[in-house]
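# model this:
(2 chains)
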2 protein chains.
Amino acid sequence: MTATDTPVNNGVNVAALLGAREALTSAPEAAQFEWRATCEWQNGTHSNSVVEGFFGLGEEQVHNKTYSFDTDHPELFASEDIGATPVEYVLVGLAGCLTAGVAAVAQNREIQLRRVSATLEGSMDVRGILGIDSDVRNGFGAIKVTYDIDADATPDEIKALVAQSQKRSAVYDIITNPTDVQVEVNAT
Amino acid sequence: MTATDTPVNNGVNVAALLGAREALTSAPEAAQFEWRATCEWQNGTHSNSVVEGFFGLGEEQVHNKTYSFDTDHPELFASEDIGATPVEYVLVGLAGCLTAGVAAVAQNREIQLRRVSATLEGSMDVRGILGIDSDVRNGFGAIKVTYDIDADATPDEIKALVAQSQKRSAVYDIITNPTDVQVEVNAT
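Numbers count the residues shown, from 1 in each chain, chains lettered A, B, ... in the order given. The predicted structure follows:
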């Protein structure tokens, strides 16, 4: 079988993405998005956050459904472990972002993916968040991502997929570069 | 009723946290944690990530249950919207981290919380991720967090809770400061 007999299909509509790129090149105002979450404290370290609406293409948008997420701390920090920890959510975001990018880039390069799996490990010295040592940062010391990819391509071509995904990944950028966070408080 | 009649209870075991702080001060090796997620590509931009085990206090640990998360892109990017977007997961992580901190600090300061809710808005110029303009970053331009807090305290005391939570928040640190991410690829 040749490539023309078996069209590559990773489930990514690259034509639509290229169309969006062309459309937004001449309409930069439509490219201004706002992503949102709302959070409601439940008890202790347990909160519930909801993701539903966002803004993009010049108007309010909604997801197909409302996504609900519980965050909590584990029992070894005397919490109830009702949800994954907040830092694990960051790892999930990074995994999802890089992996979606791998699929999109593979589609654009006509490389058929068979399996893509990743393991993410974020090291943390918890003396930071516990306030033991002010020289220890609160966040991850570093993150290691290990991909195992089975695809119709050479190892170098496969590695290049991941490298290109890193270049265009929103979450990879958020983690590796600083972002301004403004916090306002309405107290009643 | 006086404060002694109604002990403050936000559901956070501050005594245990202070005990952990004391214990880890003299055992810094036990404070070395590793948080993990594993990700399996499903199709298109849809992946599923699992959070289950982590390392801490010198040994392997497991959550009470396995947490499973779907990440995807919305339909306006020609995807199926099977899960929240990766960047929304980052917002959820930030919300959960800051809010857990507010509860813990309030407990330590003997301030009874009645309600804590937050809205997070992350602006993004998607010309970055679409590769339209290399001067536009891929991640959030900025994040705005708005807290509405009802508590038995003055507005200044309530604002100070949030400020202290920011100082000790892992995810706030991850977003506002750079973190090294190493990516390895095993290609088959």
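# got a list of what the one residue sitting closest to the centre of chain A touches?
Against the mean C-alpha coordinate of chain A, by CA atoms, centre = their mean, the closest residue is A:Gly93 at 2.8 Å. A:Gly93 makes contact with A:Val171, B:Thr71, B:Pro86, B:Val87, B:Glu88, B:Tyr89, B:Val90, B:Gly93 under the criterion CB atoms under 8 Å, 6 or more residues apart in numbering or on different chains. Any C-beta I mention is one placed from the backbone N, CA and C, and that applies to glycine too.
# and what of A:Gly122?
With CB under 8 Å, 6+ apart, A:Gly122 has these contacts: A:Val87, A:Val90, A:Leu91, A:Phe140, A:Ala142, A:Ile143, A:Lys144, B:Glu34, B:Trp35, B:Arg36.
# Can you redo the contacts of A:Gly93 as JSON lines, where the extra columns are pLDDT, distance to B:Ser49 and secondary structure?
Formatted as JSON lines, those follow (pLDDT from 0 to 100; distance: CB to CB, whole Å; DSSP: H, G, I helix; E, B strand; the rest coil):
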{"residue": "A:Val171", "pLDDT": "98", "distance to B:Ser49": "12", "secondary structure": "helix"}
{"residue": "B:Thr71", "pLDDT": "98", "distance to B:Ser49": "7", "secondary structure": "strand"}
{"residue": "B:Pro86", "pLDDT": "98", "distance to B:Ser49": "10", "secondary structure": "helix"}
{"residue": "B:Val87", "pLDDT": "98", "distance to B:Ser49": "14", "secondary structure": "helix"}
{"residue": "B:Glu88", "pLDDT": "98", "distance to B:Ser49": "14", "secondary structure": "helix"}
{"residue": "B:Tyr89", "pLDDT": "98", "distance to B:Ser49": "9", "secondary structure": "helix"}
{"residue": "B:Val90", "pLDDT": "98", "distance to B:Ser49": "13", "secondary structure": "helix"}
{"residue": "B:Gly93", "pLDDT": "98", "distance to B:Ser49": "13", "secondary structure": "helix"}
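# any idea whether the closest residue in space to A:Pro28 that isn't next to it in sequence is helix, strand or coil?
Using CB to CB, 6 or more residues apart in numbering or on different chains and skipping the chain neighbours, the partner closest in space to A:Pro28 is B:Arg127 (6.2 Å). Here B:Arg127 is coil, with the state taken from DSSP: H, G, I helix; E, B strand; the rest coil.
# distance of B:Arg127 from A:Gly101?
Here B:Arg127 is placed at a distance of 16 Å from A:Gly101 (CB to CB, to the nearest Å).
# Quick check on these two: which one has the bigger neighbour count.
Neighbour count, other CB atoms under 10 Å in any protein chain shown: between B:Arg127 and A:Gly101, A:Gly101 has more, with 26 against 22.
# Compute the inter-axis angle for the helix or strand where the more buried one lies and helix B:86-108.
If you go by DSSP states H and E, A:Gly101 is part of helix A:86-108. If you take axes from the mean of the first three to the mean of the last three CA atoms, to 10 degrees, helix A:86-108 sits at 180 degrees to helix B:86-108.
# CA atoms only for helix A:86-108 - export them in PDB, please.
C-alpha atoms of helix A:86-108 as PDB (Å, rounded to 0.1, in the frame of the first residue of the first chain):
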ATOM      1  CA  PRO A  86      -4.000  21.900  41.900                       C
ATOM      2  CA  VAL A  87      -0.500  21.200  40.600                       C
ATOM      3  CA  GLU A  88      -1.600  17.900  39.100                       C
ATOM      4  CA  TYR A  89      -4.200  19.900  37.100                       C
ATOM      5  CA  VAL A  90      -1.300  21.900  35.700                       C
ATOM      6  CA  LEU A  91       0.400  18.700  34.600                       C
ATOM      7  CA  VAL A  92      -2.800  17.500  33.000                       C
ATOM      8  CA  GLY A  93      -3.100  20.800  31.100                       C
ATOM      9  CA  LEU A  94       0.500  20.500  29.900                       C
ATOM     10  CA  ALA A  95      -0.100  16.800  28.800                       C
ATOM     11  CA  GLY A  96      -3.300  17.700  26.900                       C
ATOM     12  CA  CYS A  97      -1.800  20.700  25.200                       C
ATOM     13  CA  LEU A  98       1.400  19.100  24.000                       C
ATOM     14  CA  THR A  99      -0.400  15.900  22.900                       C
ATOM     15  CA  ALA A 100      -3.000  17.800  20.900                       C
ATOM     16  CA  GLY A 101      -0.200  19.600  19.300                       C
ATOM     17  CA  VAL A 102       1.600  16.400  18.400                       C
ATOM     18  CA  ALA A 103      -1.600  15.100  16.700                       C
ATOM     19  CA  ALA A 104      -2.100  18.400  14.800                       C
ATOM     20  CA  VAL A 105       1.500  18.600  13.600                       C
ATOM     21  CA  ALA A 106       1.500  15.000  12.600                       C
ATOM     22  CA  GLN A 107      -1.700  15.500  10.500                       C
ATOM     23  CA  ASN A 108      -0.200  18.500   8.800                       C
END
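# Please state the offset of it from the chain centre?
Using CA atoms, centre = their mean, to the nearest Å, the distance from the centre of helix A:86-108 to the centre of the chain it belongs to is 5 Å.
# again, but for stretch A:141-161
Taking mean C-alpha positions (CA atoms, centre = their mean), stretch A:141-161 and its chain are 17 Å apart.
# what is the mean pLDDT for it?
Stretch A:141-161 carries an average pLDDT of 98.
# Mind jotting down where the strands sit in chain A?
For chain A, the strands defined by DSSP state E occupy A:32-43, A:46-56, A:59-71, A:113-125, A:142-151, A:180-187.
# strand partners of the shortest one, parallel vs antiparallel please.
With DSSP bridges as the criterion, the sheet partners recorded for strand A:180-187 are strand B:142-151 (parallel).
# outside of the strand it pairs with, which residues touch it?
A:179-188, B:91, B:94-95, B:98, B:102, B:106, B:111-123, B:157-158, B:161-162, B:175.
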